[in-house]
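Colleague: Predicted model and sequence below, questions to follow.
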Amino acid sequence: MFSLSFFAQESDKQGELKYAPRVSDYFIAFGEEAFIELFGATFVNLKSPKPQGINFESIIYSITKQPYVWDKTKFLQNQIVHPYAGNLFFNAARANNLDFWTAAAYTVWGAWSWENIYQNSVTSYNDLITTTAAGIITGETFHRLAYAAGAIWEPLIWLVSPVDGINRLLRGERYRHCAPEDLEVIYAAEFFTAFCAAEKFTGKTTEFLPLAEFHPYIVYQNPFGHKTKEPFDQFSLDAMLMTKFNETMGYVEIDGALYSWPFFCNTDLPASIGINFNYKVNYFDRLNYSTNAVGVC
């Protein structure tokens, strides 16, 4: 088995660029969110065999009379596409200088308006939950990582969070360091190639198959002995992608601190206790699931 690992740590001593939100920022964020939803609705209509525009009567019916359901759309659409859309709604606000909780409210509105206004289908409970909860978690994670990545190479901002990249371009902030003071981000990744033995469930034969696994890991700020000033002042992102021929499996888990308080900090092993916001999505051959959770750690 071959393993390749690398570790990098960055510390940015520049002061964070802070902007007090203006009244116009709220409207710009709202307009960007509406544009994202219109773009999404257009894309869905182009793929649909029976395209439909936004119909006022269907909107009124959806809001006032249509019962909500738990839909059974494909797992990847429900647990990957919807969280990513929620992340775009969230960062339409965050990229315009609005705080975490205001951006969370924008995400709630974005999820509800997509289900009731922009989408011509029955409103789904699980879409509302996943777009909102997972969108907030992934949105704040990508927002912070985009500025950390920008300290390495500006185009990485566009890769991590396109909405942040667009707003930086429009405000003329390209190549200006916006990372928090004394920022510490640890990046790690492992790549494995191997042969694996797999026993078939239907028989007693054993197959020997080539296997490839990629495992990235990111820790944002020190999670021990640290007090949060804002939600997600520290978080971790852990992922794994494993493939053998046409079979693919993996997971992504983001665990971010809403609030944490240090204790036992006078010892050699400082620690903290906090309320964490967690999103985990698993994609396997036989079992797929995702969770949104709040817990004490």
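Modeller: Thanks, I have it. Numbering: from 1, shown residues only.
Colleague: dump the residue contacts of the residue lying closest to Thr102 once chain neighbours are set aside.
Modeller: Taking C-beta to C-beta, 6 or more residues apart in numbering as the measure, Thr102 lies nearest to Ala93, with 5.9 Å between them; neighbours along the chain are not counted. All C-beta atoms are positioned from the backbone trio N, CA, C, and that covers glycine. If you count contacts by C-beta atoms under 8 Å, 6 or more residues apart in numbering, Ala93 has them with Ala29, Glu33, Thr102, Ala103, Tyr106, Thr107.
Colleague: which residues of the chain fall in helices?
Modeller: Ranges of helices in the chain, per DSSP state H, are 23-47, 56-64, 75-76, 82-94, 100-113, 125-129, 135-150, 155-160, 162-170.
Colleague: Ala95 and Glu140 touch, don't they?
Modeller: No - under the criterion of C-beta atoms under 8 Å, Ala95 lies out of contact with Glu140, with a separation of 11.8 Å.
Colleague: follow-up on the earlier one: of the contacts of Ala93, closest to Ala293?
Modeller: For these, the closest approach to Ala293 (C-beta to C-beta) belongs to Thr107, at 17.2 Å.
Colleague: For the closest one, grab the count of nearby residues.
Modeller: For Thr107, the count of nearby residues is 28 (other C-beta atoms under 10 Å).
Colleague: Quick check: it vs Glu37, distance?
Modeller: 12 Å (C-beta to C-beta, to the nearest Å).
Colleague: Please enumerate the shared neighbours of the two.
Modeller: With the criterion set as C-beta under 8 Å, 6+ apart, the contacts of Thr107 and Glu37 do not overlap.
Colleague: Poorly predicted segments of the stretch 1-150 of the chain, please.
Modeller: 1-20, 48-59, 61-65 (pLDDT under 70).
Colleague: Looks like Ile254 contacts Asn276 (just checking).
Modeller: No - Ile254 lies out of contact with Asn276 (C-beta under 8 Å); the separation is 10.0 Å.
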